[in-house]
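Asker: how does the following fold in three dimensions:
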Amino acid sequence: MIWRTTVSRIPYKIEYSLLKDIVSFCNSRSVRDGICVHSPVVKMGFHEDMFLSNNLLSLYAKCFGVAHARQLFDEMPCRDVASWTMVMSAYGKIRDHEEALELFDSMLVSGEFPNEFTLSTALRSCSASREFNHGTRLQAIVTKSGFDSNPVLSSALIDFYSKCGCTPEAYRVFKCMKNGDVVSWTMMVSSFVEAGSWSRALQLYCQMIGTGVAPNEFTFAKLLSASSFLGLNYGKLVHAHLMMLGIELNLVLKTALVDMYCKCQSMEDAVKASKMTPDYDVFLWTAVIMGFSQSLQVREAIAAFHEMETSGVVPNNFTYSSILNACSSTLALDLGKQIHSRVNMAGLENDVSVGNSLVDMYMKCSDTVEDAVRAFEEIASPNVISWTSLIAGFSEHGIEQESFKAFGAMQAVGVQPNSFTLSTILGACGTIKSRTQARKLHGYIIKNNAYNNLVVGNALVDAYAGSGMVDDAWRVTRTMKHRDVITYTSLATRINQMGNHEMALNIITHMNNDDLRMDGFSLASFLSAAAGIPTMETGKQLHGYSLKSGLGSWISVSNGLVDLYGKCGSIHDANRAFREIREPDSVSWNGLIFGLASNGHVSSALSAFEDMRLAKVEPDQITFLLVLYACSHGGLVDIGLDYFHSMREKHGIRPQLDHYICLVDLLGRAGRLEEAMNVIETIPFKPDALIYKPLLSACKLHGNILLGEQMARQGLELDPSDPAFYVLLANLYDNSGQSELGEKTRRMMRERGVRKNPGQSWMETRNMVHLFTAGDTSHPQIGKIHEKIESLITQFGDQGILYQENRALVHHSEKLAVAFGLLSTPEKAPLRIIKNIRICRDCHEFIMNVTMLVDREIIVRDGNRFHSFREVVIVLPTRFSH
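Answerer: The predicted structure is shown next:
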């Protein structure tokens, strides 16, 4: 170029104005050759000239990087505010915000005072690095310098407070602005969107239009992001405004529009929006593919992927991640493997986002973890998501010990777990009931100040409760700064699983104290607890709450109501609750079949099963367990055998141990003892003690001593502490006239320290559960209860009702409960009693006689089934145990 020739020929005669023009021209156009002027500037003695020095400084920063610019800056004999600002800006562009802020502090120490551009640059570094304290000091300087009305600085402050999660402070800065421009309004809209205040973002947009500030494409991009969370109608309204104002639909805005429709599950609108202009890029295609993937429209996602490649747009890592996520959701392992091969061809196997999706896909779709581990090992720099996916996958595959090893390895390589990692590993503790690991993780959480995170706190509560440490779970709950409905739902579910249903129901009071309302999940859990007692009064209150709150439409709540009423013996209410379910699932049908079968309505239970198949709802393992139970108690042996064989042949369900136990019970009750024995001998599992009980019970019923002794012996070899084997064998001897052997068996039981579970019965009155134990005298009304029993027995004789009194059984728990119910409930009100073990013959006869004296329905749910006693007696089981 001409100026280079001039500089080389007459270096000492260049005029200042020429140097000024040359360096200014080169700086404005980032011409690297302009750096040749640096030598003449120094030689001619112009190196102290601020205009020339700052232009050279800017040129070095643009063309040769911040290191060369910093070297020139350090050598400059004089610096002004522009010099400092340029070097700070150069560090900010390479994201070395710490150095940029250190330069700002050095500038203040040097006595140079910042201008609005310096402050804007420093605030951008504070925003990017979340330097809250430094940012607040900068705001003080802005105010002190009189720049608080400057729109650029105000926008920078709004961005700073937004990035630091302080939206209220950002809004205060915005409100103090006198004449906000489109940048500041958009920045504040963005702040509300990032904070999750989507409605406020739209409200602010309305105010923006009202003040006459015209929105731009960036404003609408943020509004469309808010609409993704508010719903499709809001998104369409924003789309209409965009078109009405004539905003140009560039690629950025079109991608935001497509993304909004995708997130609102409106893929037809998303595809239409993508075709509004001919422009496409990888981000737009990825948004479309991600939308199809999230809607589980895998075919459409693959078709879009092929169309993308045909159009010449190369997929990026996020494109592949989106398709792999669809494979994970639909368990499409073969497709996932094909995408994996395309990832390898694209050279993206080391990419962290693609690697994370591969790990997740293989963990969810494959029966083994080897492919997932290989995908993990190929990731160049695994991040916290990579490790969390690996840990979660190990736990899902039932190898929790590998989860704990991975958690340790993660920390060893310097990757710190986040709240999701901690909640995942805590879930593994709850699964294997590892108290030691739960306590270790609790210590880690306290040490790393993760205690106040709600997700972590909830996971810790669940881990302790799942490991049976309810007191520890309650301690964590009480020390949590914030509790939500998930906290109490986890606690209630775990306590309910432990069988402590009353404690689970008491959690409702704690929720009310924290001003928390039940959701569908918590309500379903409480309904399950009410069914476990079962408590009709509490159940009806929960039913009323479901109607009042609108939660009755939740399938889990409806299923809970069917289960509740079935277990309370109110089959009419169970049927009504079932009929109100719009689309019953397998759980709904199982609840109805159980309610019918356990209440003695065997034919209705089997009819419900056939209706289930006609409704094209596939039965599961539990369904067949219930059907076999119904056939067993209804004496329908051949039908039960047909159902058992149809499990594998027609439905592809492999019978489990519980199904074989039911099959043995079915055959044993019918007296087909040899067939039952053959089932035990040919079972494809290692038998446990449970399978010998139904056949031993059948031997007692049919008087087969030899086979009964064999069953008792084999059962006790596996579980010598189970009292049921001793009791059943002793009763078998008694019924066969060999009372000496019966007494010997009971003596052996006492000598071995094995105790029979005490008979307990309980009933609910006025929202209070009363527990009765055989022979117990602790109840405050026990005197009146005993008097009532004696009075009833006397009335039997007076009315000519046959009853052979046995003084040893006169204070059995179910008799105490019946007498208490008659004393404490209104006349003609039904009595609902629960007993932990099977009702004995004497008590069965006693309660049946009571219904001849009083106009009451008495429903007893024992450890085996329901017994409904009315004045007209229904068919009841033929065998009882003492």
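
Asker: packing partners for the helix or strand containing residue 575?
Answerer: The secondary structure element spanning residue 575 is helix 571-579 (assigned by DSSP states H and E). Applying 3 or more C-beta pairs under 8 Å, 6 or more residues apart in numbering; DSSP states H and E, one finds that helix 571-579 makes contact with helix 555-567, helix 586-598. C-betas here are computed from N, CA, C, even on glycine.

Asker: to residue 353, which of those helices lies closest?
Answerer: Nearest to residue 353, of all those, is helix 555-567, at 34.3 Å by C-beta to C-beta.

Asker: can you list contacts of that closest one?
Answerer: With C-beta atoms under 8 Å, 6 or more residues apart in numbering as the contact definition, helix 555-567 has outside contacts at 520-521, 523-524, 527-528, 530-532, 534, 539, 542-543, 546, 551-552, 571, 573-574, 577-578, 580-581, 583, 585, 587-588, 591-592, 594-596, 598-599, 861.

Asker: now the host helix or strand of residue 160: buried residues?
Answerer: Taking DSSP H and E as the definition, residue 160 sits inside helix 151-163. Neighbour-count burial for helix 151-163, with 16 or more other C-beta atoms under 10 Å as criterion, is recorded at 152, 153, 154, 155, 156, 157, 158, 159, 160, 161, 162, 163.

Asker: got the angle for the next helix or strand along the chain from that helix vs helix 151-163?
Answerer: Per DSSP H and E, the first helix or strand lying C-terminal to helix 151-163 is helix 167-176. Relative orientation of helix 167-176 and helix 151-163, computed by axes from the mean of the first three to the mean of the last three C-alpha atoms, to 10 degrees: 160 degrees.

Asker: quick one: list the elements packing against the helix or strand that helix 167-176 is followed by.
Answerer: Sequence-wise, the next helix or strand beyond helix 167-176 is helix 182-194, with elements assigned using DSSP H and E. With contacts defined as 3+ C-beta pairs under 8 Å, 6+ apart, the secondary structure elements packing on helix 182-194 are helix 151-163, helix 167-176, helix 198-210, helix 217-230.

Asker: and the helices in the stretch 401-550 of the chain, which stretches?
Answerer: For the stretch 401-550 of the chain, the helices identified by DSSP state H, counting those that start in this stretch occupy 419-432, 435-447, 454-466, 470-479, 485-497, 501-513, 520-532, 536-549, in order along the chain.

Asker: ok, and the closest non-adjacent residue to residue 316?
Answerer: The spatial neighbour of residue 316 that comes closest, neighbours along the chain excluded (C-beta to C-beta, 6 or more residues apart in numbering), is residue 282 at 5.1 Å.

Asker: now do residue 524
Answerer: Leaving aside its sequence neighbours, residue 524 is closest to residue 556 (4.0 Å, by C-beta to C-beta, 6+ apart).

Asker: what's the distance between the one you found and residue 577?
Answerer: As for residue 556, its distance to residue 577 is 13 Å (criterion: C-beta to C-beta, to the nearest Å).

Asker: who's more crowded, these two?
Answerer: Between residue 556 and residue 577, counting by other C-beta atoms under 10 Å, residue 577 is the more crowded of the two (26 against 17).

Asker: what about the nearest residue to the more buried one once chain neighbours are set aside, how many neighbours?
Answerer: Setting aside the residues directly before and after it, residue 577 is nearest to residue 561 in space (C-beta to C-beta, 6+ apart), at 4.1 Å. For residue 561, the count of nearby residues is 29 (other C-beta under 10 Å).

Asker: how about residue 778?
Answerer: Neighbour count for residue 778, taken as other C-beta under 10 Å: 8.

Asker: secondary structure class for it?
Answerer: On the three-state scheme (DSSP: H, G, I helix; E, B strand; the rest coil), residue 778 is labelled coil.

Asker: that older thread, pretty sure the residue nearest to residue 316 contacts residue 317?
Answerer: No. Using C-beta atoms under 8 Å, residue 282 makes no contact with residue 317, being 10.0 Å away.

Asker: so these two - more neighbours on which side?
Answerer: Neighbours were tallied for residue 282 and for residue 317 using other C-beta under 10 Å; the higher tally belongs to residue 317 (17 against 14).

Asker: dump the residue contacts of the residue nearest to the more buried one when sequence neighbours are not counted.
Answerer: Beyond its immediate neighbours in the sequence, the residue positioned closest to residue 317 (C-beta to C-beta, 6+ apart) is residue 351, lying 4.5 Å away. Shown in contact with residue 351 (C-beta under 8 Å, 6+ apart): 317, 379, 380.

Asker: using CSV, list the CA coordinates for the longest helix belonging to the chain.
Answerer: Among the segments of the chain that qualify as a helix by DSSP state H, the longest is helix 782-798. Included here for helix 782-798 are C-alpha records, laid out as CSV according to Å, rounded to 0.1, in the frame of the first residue of the first chain:
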residue,chain,number,x,y,z
ILE,A,782,-62.4,-52.0,79.9
GLY,A,783,-64.8,-52.6,82.8
LYS,A,784,-67.9,-51.6,80.8
ILE,A,785,-66.6,-53.6,77.8
HIS,A,786,-66.3,-56.8,79.9
GLU,A,787,-69.8,-56.2,81.4
LYS,A,788,-71.2,-55.7,77.8
ILE,A,789,-69.7,-59.1,76.7
GLU,A,790,-71.2,-60.9,79.7
SER,A,791,-74.6,-59.2,79.0
LEU,A,792,-74.5,-60.3,75.4
ILE,A,793,-73.8,-63.9,76.4
THR,A,794,-76.6,-63.8,78.9
GLN,A,795,-79.0,-62.5,76.2
PHE,A,796,-78.0,-65.3,73.9
GLY,A,797,-79.4,-67.8,76.4
ASP,A,798,-82.5,-65.7,77.1
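
Asker: and it, what does it pack onto?
Answerer: helix 813-824, helix 841-853.

Asker: mind running it again at 6 Å?
Answerer: The contact analysis (3 or more C-beta pairs under 6 Å, 6 or more residues apart in numbering; DSSP states H and E) places helix 782-798 against helix 813-824.

Asker: can you list phi and psi of the residue nearest to residue 317 for me?
Answerer: Note on residue 351: backbone dihedrals following degrees, to the nearest 10 are phi -70, psi 140.

Asker: follow-up on the earlier one: what distance do you get for the residue nearest to residue 524 to residue 591?
Answerer: For residue 556, the distance to residue 591 equals 11 Å [C-beta to C-beta].

Asker: coming back round to it: what's in contact with the longest helix of the chain?
Answerer: Contacting residues not belonging to helix 782-798 are listed as 803, 805, 815, 816, 819, 820, 823, 849, 853 [C-beta atoms under 6 Å, 6 or more residues apart in numbering].

Asker: mean confidence score for it?
Answerer: Helix 782-798 shows a mean pLDDT of 90 in the predicted model.

Asker: report the inter-axis angle for it versus helix 813-824.
Answerer: Computed by the same axes, to 10 degrees, the angle between helix 782-798 and helix 813-824 is 100 degrees.

Asker: the inter-axis angle of helix 782-798 versus helix 841-853?
Answerer: Relative orientation of helix 782-798 with respect to helix 841-853: 70 degrees, computed using the same axes, to 10 degrees.

Asker: quick one: buried residues of helix 782-798?
Answerer: For helix 782-798, a neighbour-count test (16+ other C-beta under 10 Å) marks 782, 785, 786, 788, 789, 792, 793, 796 as buried.

Asker: re earlier: ok, the residue nearest to residue 577 to residue 331 distance?
Answerer: Summarising the geometry, the distance separating residue 561 from residue 331, computed by C-beta to C-beta, is 32 Å.
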